[in-house]
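> need a structure here:
(chains A, B, C and D)
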There are 2 protein chains.
Amino acid sequence: MARAGLNAERLTLAAAELADEVGVENVTVSALARRFGVKDASLYSHIRNAHDLRVRLALLALAELADRVAAALAGRAGKQALAAFADAYRAYAGQHPGRYAAAQLRLTPEEAAASAGRRHVEMTLAILRGYEVPDAEQVHAVRLLHSTFHGYVTLERSGGFDHSGDVETSWSRVVDALDAALLNWPASG
Amino acid sequence: MARAGLNAERLTLAAAELADEVGVENVTVSALARRFGVKDASLYSHIRNAHDLRVRLALLALAELADRVAAALAGRAGKQALAAFADAYRAYAGQHPGRYAAAQLRLTPEEAAASAGRRHVEMTLAILRGYEVPDAEQVHAVRLLHSTFHGYVTLERSGGFDHSGDVETSWSRVVDALDAALLNWPASG
DNA sequence: TATTTTGCCTAATGGTCCTAGGCAGCTTAC
DNA sequence: GTAAGCTGCCTAGGACCATTAGGCAAAATA
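Predicted structure coming up:
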């Protein structure tokens, strides 16, 4: 019998495709084995267990997202940079809902350290350089941006906005509001 | 043998407790049956299936959250109301992480119509009455508020903020930023 | 070519979800 | 107060998923 040529990377990539097609919750060791035409047990030479697979998937998604954002950010500053970050972030979640959902997995400190999480924070801090946010306030500003972006795309994806109204306009209002908040930080009131 | 006295409500409540104790992902028909000292199959006279259980749990959580927010909102307006909403929302997620997570389940239109989702929107609109947001802009403002609150508590819960910095200060900055956004809506820039 | 490594296999266990059909405890009717 | 029926929880059993142990054959190496 010919071998299927499996390895951890190929499995992770296939898991990512599967996630986008059928949702993270359906990314299972069995489904993955089926996709490669091998038995479930065969995957355990390459991944430790199902959780290990999900961690790899999360790391893949975080890295891809960081790449997208970095590309969007190149050569931009100020509100241009903010909007580019926002749009790239939202576009990734829209094009890769399964991967985006997978990226929300809670990581251990070691896993987080090996992840692109740091790059996300660095890029957000880069945006703040276009504004005049005091150093001591930057953590809070980063949290506001992440929270808002994450909350928006999550609700948009999960159908929280279904009923009515233009989501594109809502999104630009969100970006405008964040821009204003950064301009007036921390005297936002 | 004495009967356990099961019914859909008791099961849903127990599922909610289970969710807060061990996480939504571990709220399983088996675990619930174990908690009542009955066999798995016995639950199927009361709930249609595992998904039905999760829907009931989501509806419970949405209703509880709406109650909390309504109580916090009573007699307040303007920024007071905004902060009360925000704090009640965040407190619920903090005290009932499993229920809060369960409330994020994607509902069908019929389920959503029977849910407290409408109340959430109504209460958010009530907050806007303390500001001067044009009618046509209210949808967008509601989305900004929901996105930001949801994003923040989700990231806070999932450990996205672990490393450093005062989360209470971050939270008040978030509320301040939203207050400012509503005061200047839609000329946020 | 002989040897080692390694990849995928079979076999088996235990957990979860779910259906079908049975029997006993509770309810109601007389 | 007992007989009838309803209902609740049961046993039995199927399908799918996660995982481990041990085997054999294909690749890699000597």
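
> for the residue lying closest to A:Asp87 once chain neighbours are set aside, pull up the helix or strand it's in.
Excluding the flanking residues, the one nearest A:Asp87 by Cβ to Cβ, 6 or more residues apart in numbering or on different chains is A:Ala72, at 6.8 Å. C-beta here means a position set from N, CA and C on the backbone, and glycine is covered the same way. Assigning secondary structure by DSSP states H and E places A:Ala72 in helix A:50-73.

> now do that helix, average pLDDT.
Helix A:50-73 carries an average pLDDT of 98.

> now do the helix or strand that it is followed by: which elements does it pack against?
For helix A:50-73, the following helix or strand on the C-terminal side (DSSP H and E) is helix A:78-95. In terms of contacts (3 or more Cβ pairs under 8 Å, 6 or more residues apart in numbering or on different chains; DSSP states H and E), helix A:78-95 is packed against helix A:50-73, helix A:97-102, helix A:117-128, helix A:138-157, helix A:167-183.

> kindly provide the distance from A:Ala102 to B:Leu62.
25 Å (Cβ to Cβ, to the nearest Å).

> residue in chain A with the shortest distance to chain B?
A:Gly151 (2.5 Å; Cβ to the nearest Cβ).

> what's the burial count for the nearest residue in space to that residue that is not next to it in sequence?
If the residues on either side of it in the chain are set aside, A:Gly151 comes closest to B:Gly151, at 2.5 Å by Cβ to Cβ, 6+ apart. Applying other Cβ atoms under 10 Å in any protein chain shown, we find 25 residues neighbouring B:Gly151.

> right, and B:Gly151 touches A:Leu145 too?
No: using Cβ atoms under 8 Å, B:Gly151 makes no contact with A:Leu145, being 9.5 Å away.

> so what does the lowest-mean-pLDDT helix or strand in chain A touch, helix or strand wise?
Least confident helix or strand of chain A, by mean pLDDT, DSSP states H and E, is helix A:109-113 with a mean of 93. For helix A:109-113, the packing partners by 3+ Cβ pairs under 8 Å, 6+ apart come out as helix A:50-73.

> can you pull the buried residues of the helix it packs on?
Going by neighbour count (16 or more other Cβ atoms under 10 Å in any protein chain shown), the buried part of helix A:50-73 is A:53-62, A:64-66, A:68-70, A:72-73.

> same question for stretch A:156-167.
A:156-158, A:160-161, A:165, A:167.

> can you check stretch A:32-49 too?
Quick answer for stretch A:32-49 (16+ other Cβ under 10 Å): A:32-33, A:43, A:46-47.

> now, which of the residues you listed sits nearest B:Lys39?
A:Ala33 (31.2 Å; Cβ to Cβ).

> quick one on the thing from earlier: give the contact list for the residue nearest to A:Gly151.
A:146-152, A:154 (Cβ atoms under 8 Å, 6 or more residues apart in numbering or on different chains).

> and it, what pLDDT?
98.

> any stretches of chain A with poor pLDDT?
The model of chain A has pLDDT under 70 over residues A:1-2, A:163, A:187-189.
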